[in-house]
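Asks: need a 3D model of the following:
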Amino acid sequence: MKILLVDDARSVAMVMTSRLSSYGYDVVLAGNGQEAVAKFSSEAPDLVLMDIEMPIMNGFEATNRIRAFEATQQWAWTPVIFLTSSDTVENLVTAIEAGGDDFMSKFVPEPVLQAKMKAMNRIAGLRHSLTQANRKLQDLASQDGLTGLCNRRSMDLRVDHLWHEAVARKYTFGMLMLDIDNFKKYNDHYGHQSGDDCLRAVAHTIDATVRQAAESSQDTGAFAARYGGEEFAVIVPHASAAALDGLAQGIVLAVSTLALAHEKNDAWGVVTISVGGALMSPASGAVVDLFRQADMRLYQAKQLGRNRSVTV
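Replies: Numbering: from 1, shown residues only. From the prediction side, this is the model:
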């Protein structure tokens with residue numbers, strides 16, 4: 001357990017640090033409320049022991065600011081115990097209203113301190129477990145259940161964020177729309193279970209190709225998503241025309257190289273994909289225009305015979 005100990009009295013801080021460290025806890029010190037708020041956001045402690053009367057910012061105000069910071073996080077609650085030599089009813093009420101969870105004398109007897117810290121350590125363990133469970137739920141909510149790619153909702157949220165960033169920083173923004181060729185015929189001929197296997201294999205190949213391209217260009221912003229049915233999308237911030245076209249061709253080649261049998265796919269006899277791409281400066285249009293251009297070029301790729309990409 002990591003404990004943020006906030007006290008302006010050096011002698012008190014040293015004694016309390018020694019006591020807590022003897023129990024095996026990691027102690028981070030702050031000398032006033034302002035320093036405590038800064039260290040809380042950088043150190044992410046499991047428990048805060050907060051003095052009340054301090055220069056620059058008192059413990060009540062610091063706790064208010066800590067709770068305000070926590071409110072901006074997806075999952076956050078850290079116990080705050082106020083330390084005082086005057087445990088008046090007025091101080092107790094003010095402490096609770098400021099967001100505190102408990103009240104403790106700076107000179108608390110050793111057995112009481114040890115018992116309280118054991119209880120706080122159990123709470124810290126529960127917090128970590130709940131945080132991990134919450135993150136897993138968020139991951140599940142943002143992923144397509146079949147392919148593991150971003151789902152449509154998650155993609156839309158990420159695109160909005162990245163588009164606003166592109167507007168602010170004035171760089172170009174690219175995207176690809178992808179569709180498995182003659183997928184209905186595949187499902188009709190091989191069955192829906194095989195169709196799901198095909199979608200997973202194609203999705204994995206698209207994702208791997210995008211990741212490889214992003215790593216080689218040191219651009220970690222690109223990602224793939226399942227747009228719906230047998231349709232996928234690839235979002236490519238910071239794209240150049242050459243890079244976008246190279247990525248589109250690379251995906252077409254990678255999918256055909258899988259050599260997944262598709263007897264009803266005309267001349268090729270294997271699963272293939274068609275890709276349409278668009279590149280735009282946010283200053284010259286809206287994100288919906290980017291989707292429309294990419295979708296239009298996907299249609300052109302289909303009309304030109306499939307198993308190809310059209311990006312210009």
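Asks: local confidence estimate at the residue lying closest to Ser154 once chain neighbours are set aside?
Replies: Nearest residue to Ser154, sequence neighbours excluded (C-beta to C-beta, 6 or more residues apart in numbering): Ser142, at 3.7 Å. For glycine as for every other residue, the C-beta is placed from the backbone atoms N, C-alpha and C. The score at Ser142 is 77. That number is its pLDDT.
Asks: residue ranges of each domain in the protein, please.
Replies: Per automatic domain parsing, the domain ranges recorded for the chain read 2-141, 152-310.
Asks: winner for burial among these?
Replies: domain 152-310 (a mean of 18; mean count of other C-beta atoms under 10 Å).
Asks: still on that earlier bit, quick one: the residue nearest to Ser154 and Cys150 touch, right?
Replies: Yes - counting by C-beta atoms under 8 Å, Ser142 touches Cys150, with 6.3 Å between them.
Asks: can you tell me which of the domains of the chain the model trusts least?
Replies: With a mean of 85, domain 2-141 has the lowest mean pLDDT of the domains of the chain.
Asks: could you give the separation of the longest helix seen in the chain from the chain centroid?
Replies: Ranked by residue count under DSSP state H, the longest helix found in the chain is helix 110-142. From the chain centre to the centre of helix 110-142 is a distance of 20 Å (C-alpha atoms, centre = their mean, to the nearest Å).
Asks: next helix or strand past that helix?
Replies: Downstream of helix 110-142, the first helix or strand assigned by DSSP states H and E is helix 152-169.
Asks: which residues sit against that following helix?
Replies: With C-beta atoms under 8 Å, 6 or more residues apart in numbering as the test, helix 152-169 has contacts from 141-143, 150, 172-173, 221, 223, 225-228, 233, 235, 237, 282-283, 287.
Asks: picking that back up, gap between the residue nearest to Ser154 and Ala225?
Replies: Distance of Ser142 to Ala225, given as C-beta to C-beta, to the nearest Å: 10 Å.
Asks: related to what we said a few turns ago, which one's more surrounded, Ser142 and Cys150?
Replies: Just comparing Ser142 and Cys150: by other C-beta atoms under 10 Å the higher neighbour count belongs to Cys150, 24 against 16.
Asks: quick check: the more buried one touching Gln143?
Replies: Yes - using C-beta under 8 Å, Cys150 is in contact with Gln143, at 6.8 Å.
Asks: once you drop chain neighbours, what's closest to Asp179?
Replies: Glu231 (5.0 Å).
Asks: wait, that neighbour touches Phe183, no?
Replies: No - Glu231 is beyond contact range of Phe183, at 9.1 Å (criterion: C-beta under 8 Å).
Asks: nearest residue to Met117 other than its sequence neighbours?
Replies: Leaving aside its chain neighbours, Met117 sits nearest to Tyr23 (5.8 Å; criterion: C-beta to C-beta, 6+ apart).
Asks: before we move on, the earlier item: report the beta-bridge partners for the residue nearest to Asp179.
Replies: With DSSP bridges as the criterion, Glu231 is bridged to Asp179, Gly228.
Asks: that one and Gly148: what is the separation?
Replies: 16 Å.
Asks: now do the SS call for Gly99.
Replies: coil (DSSP: H, G, I helix; E, B strand; the rest coil).
Asks: now do stretch 35-49: everything it contacts.
Replies: Around stretch 35-49, the neighbours that count as contacts under C-beta under 8 Å, 6+ apart are 1-7, 16, 28, 30, 50, 56-57, 59, 62-63, 65-66, 69, 78-81, 83, 104, 120-121, 124, 127.
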